[in-house]
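> quick one: sequence and predicted model below, then my questions.
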Amino acid sequence: MAAEIHSRPQTARPVLLNKIEGHSDTVNSAVLIPKEDGVITVSEDRTIRVWLKRDSGQYWPSIFHTVSSPCSCMSYHHDSRRIFIGQDNGAIVEFLISEDFNKMSHVKTYPAHQNRVSDMVFSLESQWVVSTGHDKSVSWMCTQSGSMLGRHYFTAWASCLQYDHETQHAFIGDFSGTITLLKLETQTYSTITTLKGHEATLWWDPVQRLLFSGASDHSVIMWDIGGRKGRTLLLQGHHERVQSLRYLQLTRQLVSCSADGGMAVWNMDTPREEHHCRKCGKAVCGKCSSKRTSFPIMGFEFPVRVCDACFDTIKEEE
């Protein structure tokens with residue numbers, strides 16, 4: 001069943017620990033280096049930088065590398081120290097970072113897309129790099145041979161991607177507002193299902209099998225994929241497009257960031273109530289209550305949730 005959470009002011013606030021400056025253009029991706037006081041960043045200024053914390057407490061670049069095209073996204077695998085950089089020209093470049101994080105060696109360049117690479121995941125288990133692009137496609141390539149294994153096209157720009165390494169399922173969001181679940185295999189694929197509503201950013205939790213999505217309607221949706229009952233949870237609190245999501249499995253918290261610089265931390269252990277149709281009162285799931293309407297006669301001046309059957313019966317004067 002569907003449920004809804006509205007943000008409320010909390011006394012606890014995130015504490016700013018440090019600030020890294022130096023890029024001359026938008027930073028499109030940043031990752032913490034596990035077990036190291038380090039950060040890797042990629043930017044529209046065409047640079048890849050590895051920042052290590054010095055004795056002064058400040059971060060300084062130990063690696064500063066420039067590539068031929070603006071960097072749009074990144075996938076870093078710490079155990080192998082392999083890093084994949086998606087570029088504006090559609091190429092993906094693979095590098096190997098040295099153990100001391102002071103050197104980066106070029107490994108391969110993959111001709112993944114005909115336009116900007118929007119998102120990307122490297123899977124060590126399958127030795128694949130899976131990516132989405134503004135050429136309206138998702139592609140998966142073999143990192144051993146560098147060859148293309150498969151490609152699937154959408155009707156709109158593919159904007160975000162999450163990948164389940166164990167089952168080789170990919171979740172792809174596109175600019176039409178659709179999330180497509182594909183089962184990827186060597187040289188082939190199959191479409192499992194599609195979800196309607198969100199397209200800006202995705203995050204997959206393989207433990208609880210939950211998919212989180214954010215979009216330009218300022219909201220976040222949690223899709224209970226593992227439960228197979230169509231249960232969804234709507235999180236509202238942002239004032240601009242939600243453009244980044246991370247789920248913290250240890251604390252059961254979801255972190256979301258929006259285009260206005262706002263950051264929200266959601267406690268996903270909070271008890272929730274089921275959604276009900278505001279006209280007939282029946283409990284509804286997200287799939288059977290996809291439409292919203294104001295209903296002044298019942299006291300709802302702003303758009304509220306109603307089941308699809310009741311939506312079709314509401315008259316204009318109501």
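Here it is on my side, so go on.
> and the closest residue in space to His77 that isn't next to it in sequence, what is it in contact with?
Excluding the flanking residues, the one nearest His77 by CB to CB, 6 or more residues apart in numbering is Phe122, at 5.4 Å. For glycine as for every other residue, the C-beta is placed from the backbone atoms N, C-alpha and C. Under the criterion of CB atoms under 8 Å, 6 or more residues apart in numbering, the neighbours of Phe122 are 75, 77, 82, 84, 128-130, 143.
> quick one, which of these are buried?
75, 82, 84, 128-130, 143 (16 or more other CB atoms under 10 Å).
> how far does the helix or strand harbouring Lys183 sit from its chain's centre?
With elements taken from DSSP states H and E, the one containing Lys183 is strand 178-185. Distance, stretch centre to chain centre, for strand 178-185: 15 Å (CA atoms, centre = their mean, to the nearest Å).
> what distance do you get for Ala309 to Ile172?
According to CB to CB, to the nearest Å, Ala309 stands 31 Å off from Ile172.
> which one of the two has more residues nearby?
Ile172 (26 against 14; other CB atoms under 10 Å).
> can you pull up the bridge partners for the residue most central in space within the chain?
Centroid-nearest residue in the chain: Leu202, 2.7 Å away (criterion: CA atoms, centre = their mean). Residues in a beta bridge with Leu202, per DSSP bridges, are Ser213.
> next, work out how far apart it and Thr143 are.
22 Å.
> can you say which two of the buried ones among the contacts of Phe122 are spatially most distant?
Arg82 and Val130 (14.4 Å; CB to CB).
> tell me the secondary structure at Cys310.
Classification of Cys310 by DSSP: H, G, I helix; E, B strand; the rest coil places it in helix.
> where do the domain boundaries of the protein fall?
Domain assignment for the chain by automatic domain parsing gives 3-196, 278-318.
> which other helices and strands contact the helix or strand where Ile63 lies?
In the assignment (DSSP H and E), Ile63 maps to strand 59-66. When contacts are defined as 3 or more CB pairs under 8 Å, 6 or more residues apart in numbering; DSSP states H and E, strand 59-66 packs onto strand 38-43, strand 47-53.
> nearest to Lys196, out of these?
Of these, nearest to Lys196 by CB to CB is strand 38-43, at 31.5 Å.
> one step back: quick one: which of the contacts of Phe122 is nearest Met263?
Ser75 (22.7 Å).
> ok so, going back, can you add pLDDT, distance to Arg305 and secondary structure and give the contacts of Phe122 back as CSV?
Below are those laid out as CSV (pLDDT from 0 to 100; distance: CB to CB, whole Å; DSSP: H, G, I helix; E, B strand; the rest coil):
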residue, pLDDT, distance to Arg305, secondary structure
Ser75, 98, 37, strand
His77, 97, 41, strand
Arg82, 98, 45, strand
Phe84, 99, 41, strand
Trp128, 98, 40, strand
Val129, 98, 40, strand
Val130, 98, 35, strand
Thr143, 97, 45, coil
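> could you work out the most separated pair of those?
Among those, Arg82 and Val130 lie farthest apart (CB to CB), at 14.4 Å.
> show me where the stretch 151-300 of the chain has its strands.
158-164, 169-174, 178-185, 188-196, 201-205, 210-214, 219-224, 232-236, 242-248, 253-258, 263-267, 291-295, 300-306 (DSSP state E, counting those that start in this stretch).
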